[in-house]
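Asks: Quick one: sequence and predicted model below, then my questions.
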Amino acid sequence: MESEVIIVGLGPVGAMAANLLGQYGITTQVFEKLPDIYFAPRAIFVDAEAMRVFGMIGLGDWMDKHVFKCGAQFRTEPPPNGKVLVDLKGLAKRRRYGCHQLSTFHQPTVEKKLRDNLEQFANVRVNLGHEVQEVMEANGKVYVTVRRISGLNTETYTCKYLLACDGGRSFVRKRLGLKYVGSSIPEHWFVMDFDTYDESIDKRWPDSVLVGNPKRTFLNARLPGGTRRVEVLLKENEKALAIVREENTAKILDEIGIDAEKVTFARRMVYKFHARAVTDFRKGRIMLLGDAAHCMPPTKGQGMCCGLEDAANVCWKVAMLCRGNLKHQVHDDGTPVIVAAGIKVDVPGGESVEHLHRSAMDQILDSYQLEREPWVMRQTKIVLGLRRLGAMTSPIKIFLRNHLFTLFHLMAGPQYMESEYYKGRPDLFSGILDDTSSGSGRFFIQPTVTHERLEGTSSVLLDEVLGCMWCWLSFDCSPHKILSKDQFDFLQSIGCIFIRVLKQNSKLEQHTRLDPTMPATAPREITIVDETQSLQKWMKRFSAQSVLLRPDRFVYGTVSQVSGQEHVVDSLQRVLNGQKKVTIGPQPRPGLMLPARFWISSVFLVMGLLLLLYLVTMLVV
């Protein structure tokens, strides 16, 4: 059996990849070993960047209603005792790229929604209870041997590209012989998921709280629907097998102020966390995503979030290589219409055509690791640092950490931690970018805009208009006036949508009709109003008149004037045709990003210490 793409694994990352490919019309087979969704949550945190990936498949609103927008605290003792070292209650209201910065979610619920969403795609077939036993690439195809768990017979499937989303113990990664380098965290953590009917718990623990002291270090996180996650750092003398017994679990919960008789456990397990990554994110036509490519401790939930971003990055590239565009076009008889390099080709049923030559395919697929690896490595370092700070057991180290945190929090201000300034921006420095234009590689903003729908005009987040396609966005100017016919035709051929942005307070009704000067062959452009002036400010900052956005919300390039600089489109066409190499830019600085307030405070602190030293010296002399 042949398909364009095979996905191994149907966890959150595999399900997201299947949804994206389903939207692009790519024939996809998904194989998952488990017969049903795993019953308990594993990942619990989702950040703003990952929330935007849900928006790409139309589930942004649904996710926003099914997450708990939480604040966070770092304390010395369980509340109400102890001292608050870092208070991030403002996280519950702060937004980043139009989404809440940090939320908790119930993984089984989200996975079920992702799987249910796949039912609308006739081109995606899900095979549960199927184990992949062999993977091999030959003659421009990938051969996958699969066995149904309930039987002994095997079947062989073929595809153009394979996405391995089969987790940290990935069979595909092991079969390919790819190195999974890194280290294991020496500590053991006791993880408990439970439902509670004790209302006092939610009052005492309204947010996610990390408690660090010599007696016991633990995390208590609130999830939607009354579910809680507690992660307890085990002491050296505590045995993993003994600690999961009911009487020992009750003692630990009593230590942290939770009555074990008022909870119902969903899961109790002891984990040892890892920080590892493959040296190669792809081998030939096989790409590794999520934990199959990289894993890290679960602090801040970056493991799953990075995996979802992997899917957003690689799926549109695979779709372009399979079909030459991101549109699902068919003739009246159901035969697919294939578009490559802006030229339509009719493909007879049963035949396959390699639309882009080998060099183009290689560099497009290589851009996956170029673009994703720096961000993943940065988040891994941050997570490891936070984990070390939270897992200290030495009283001296804890004393120093607590006082340094207090000083740092005073100097940098709560806005520093709440804004996740230390996390950095997920901008690209290498990959499929036009490095000659300003703003290229930036993760684009997501303001609220006014958009005309069938049911009337409404305010929506920008991602609801963008969908998961290429987008040409022009400010206060019709796109067809900026682009030549050939450039317009090329963008159309790859499934690009055209958006005209109007200034704040503009009346949308006056601009919804077609411009009389627009060519008859030009597509109808979408018109939106920049309610908050955010788009106007972004354009002004980068001296841009128009922006070419990739499907994953990154800026490919900008046009700075109404006339000229149309080469942004030409450079994209050359990249997709293999005539131009992808951008290899400088690596982002791995250091900690600190606000100006911190440096100003540091100067005054040093001056104060020097003054104090001078006064002491004068008194002694």
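Replies: Nice, thanks for sending it over. Numbers count the residues shown, from 1 in each chain.
Asks: what helix or strand is Asn220 on?
Replies: strand 218-222 (DSSP states H and E).
Asks: Partner strands of the helix or strand following that strand and their direction?
Replies: Going down the chain from strand 218-222, the next helix or strand is strand 227-233, by DSSP H and E. Note on strand 227-233: by DSSP bridges, its sheet partners are strand 189-196 (antiparallel), strand 218-222 (antiparallel).
Asks: got the buried residues for the next helix-or-strand element following strand 227-233?
Replies: Next helix or strand after strand 227-233 toward the C-terminus (DSSP H and E): helix 240-243. Across helix 240-243, burial judged by 16 or more other Cβ atoms under 10 Å covers Ile243. (Each C-beta comes from the backbone N, C-alpha and C, glycine too.)
Asks: For helix 240-243, name the packing helices and strands.
Replies: helix 246-255 (3 or more Cβ pairs under 8 Å, 6 or more residues apart in numbering; DSSP states H and E).
Asks: orientation of the helix or strand following the helix it packs on relative to helix 246-255 in degrees?
Replies: Proceeding C-terminally, helix 246-255 gives way to strand 263-271 as the next helix or strand, assigned by DSSP H and E. Per axes from the mean of the first three to the mean of the last three Cα atoms, to 10 degrees, the angle that strand 263-271 makes with helix 246-255 is 100 degrees.
Asks: What's the separation between Leu234 and Val270?
Replies: 7 Å (Cβ to Cβ, to the nearest Å).
Asks: Please identify every residue contacting each of those two.
Replies: Common contacts of Leu234 and Val270 (Cβ atoms under 8 Å, 6 or more residues apart in numbering): His188, Trp189, Phe190, Ala240, Ile243.
Asks: wait, isn't the fourth one in contact with Val191?
Replies: No: Ala240 sits out of contact with Val191 when judged by Cβ atoms under 8 Å, with a separation of 11.2 Å.
Asks: quick one: common contacting residues for the two?
Replies: Joint contacts of Ala240 and Val191 (Cβ under 8 Å, 6+ apart) are Val270.
Asks: For the stretch 51-200 of the chain, which segments count as strands?
Replies: Ranges of strands in the stretch 51-200 of the chain, per DSSP state E, counting those that start in this stretch, are 67-69, 72-75, 84-88, 95-96, 99-100, 102-105, 124-128, 130-138, 141-148, 154-164, 180-184, 189-196.
Asks: and those, which is most packed in?
Replies: For the strands of the stretch 51-200 of the chain, average neighbour numbers computed from mean count of other Cβ atoms under 10 Å are highest in strand 102-105, which has a mean of 25.
Asks: now that strand, how far from the centre of its chain.
Replies: 13 Å (Cα atoms, centre = their mean, to the nearest Å).
Asks: Output the contacting helices and strands for that strand.
Replies: strand 45-47, strand 67-69.
Asks: what comes up buried for stretch 221-239?
Replies: Applying 16+ other Cβ under 10 Å to stretch 221-239 flags Ala221, Arg222, Leu223, Pro224, Thr227, Arg228, Arg229, Val230, Glu231, Val232, Leu233, Leu234 as buried.
Asks: what about that stretch, distance to the chain center?
Replies: 25 Å.
Asks: for stretch 10-27, same thing?
Replies: Using Cα atoms, centre = their mean, the distance between the centre of stretch 10-27 and that of its chain works out at 14 Å.
Asks: Now Lys581. Nearest residue, chain neighbours left out?
Replies: Leaving aside its sequence neighbours, Lys581 sits nearest to Gln363 (Cβ to Cβ, 6 or more residues apart in numbering; 6.5 Å).
Asks: Give me the pLDDT for that neighbour.
Replies: If you check Gln363, the pLDDT there is 89.
Asks: Then Pro595?
Replies: Reading off the model, Pro595 has pLDDT 55.
Asks: cool, and the one 5 residues further on?
Replies: Looking at Ile600, its pLDDT stands at 62.
Asks: swap in Pro523?
Replies: 53.
Asks: Name the helix or strand of this structure that has the lowest mean pLDDT.
Replies: Least confident element among the helices and strands of the chain, by mean pLDDT, DSSP states H and E: strand 343-346 (a mean of 36).
Asks: what angle do the helix or strand following it and strand 227-233 make?
Replies: Once the chain leaves strand 343-346, the next helix or strand it forms, by DSSP H and E, is helix 358-390. Angle of helix 358-390 versus strand 227-233, following the same axes, to 10 degrees, is 70 degrees.
Asks: just use 461 as the starting number from now, easier for me
Replies: All set: I'll call the first residue 461, so the last point we hit is now helix 818-850.
Asks: For the helix or strand following helix 818-850, name the packing helices and strands.
Replies: Moving toward the C-terminus from helix 818-850, the next helix or strand (DSSP H and E) is helix 855-872. When contacts are defined as 3+ Cβ pairs under 8 Å, 6+ apart, helix 855-872 sits against strand 544-548, helix 1056-1080.
Asks: what stretches of this structure score poorly on pLDDT?
Replies: 701, 784-818, 871-882, 913-917, 967-984, 1021-1026, 1047-1065, 1081 (pLDDT under 70).
Asks: Surely Ile712 and Val692 touch.
Replies: Yes: contact criterion Cβ under 8 Å: Ile712 and Val692 qualify, at 5.7 Å.
Asks: Overlap in contacts, the two.
Replies: Phe650, Arg676.
Asks: ok so, going back, can you tell which of the helices and strands packed on strand 562-565 is closest to Gln906?
Replies: Across the helices and strands packed on strand 562-565, Gln906 has its closest neighbour in strand 505-507 (13.6 Å, Cβ to Cβ).
Asks: Show me the strands paired with the closest one, marking each as parallel or antiparallel.
Replies: Sheet partners by DSSP bridges: for strand 505-507, these are strand 562-565 (antiparallel).
Asks: what residues does the strand it pairs with touch?
Replies: Strand 562-565 is touched from outside by 501, 504-508, 511, 523, 526-530, 532, 551, 668, 681-684, 689, 760-761, 880, with contacts defined as Cβ under 8 Å, 6+ apart.
Asks: and Glu769, which of the strands paired with strand 687-693 is closest to it?
Replies: Here strand 678-682 is closest among the strands paired with strand 687-693 (Cβ to Cβ), at 21.7 Å.
Asks: What lies in contact with the closest one?
Replies: 504-505, 528, 530, 538, 564, 662, 665-671, 688-693, 716, 718, 850.
Asks: what about 7 Å?
Replies: The contact list for strand 678-682, computed with Cβ atoms under 7 Å, 6 or more residues apart in numbering, reads 504, 528, 530, 564, 662, 665, 667-671, 688-693, 716.
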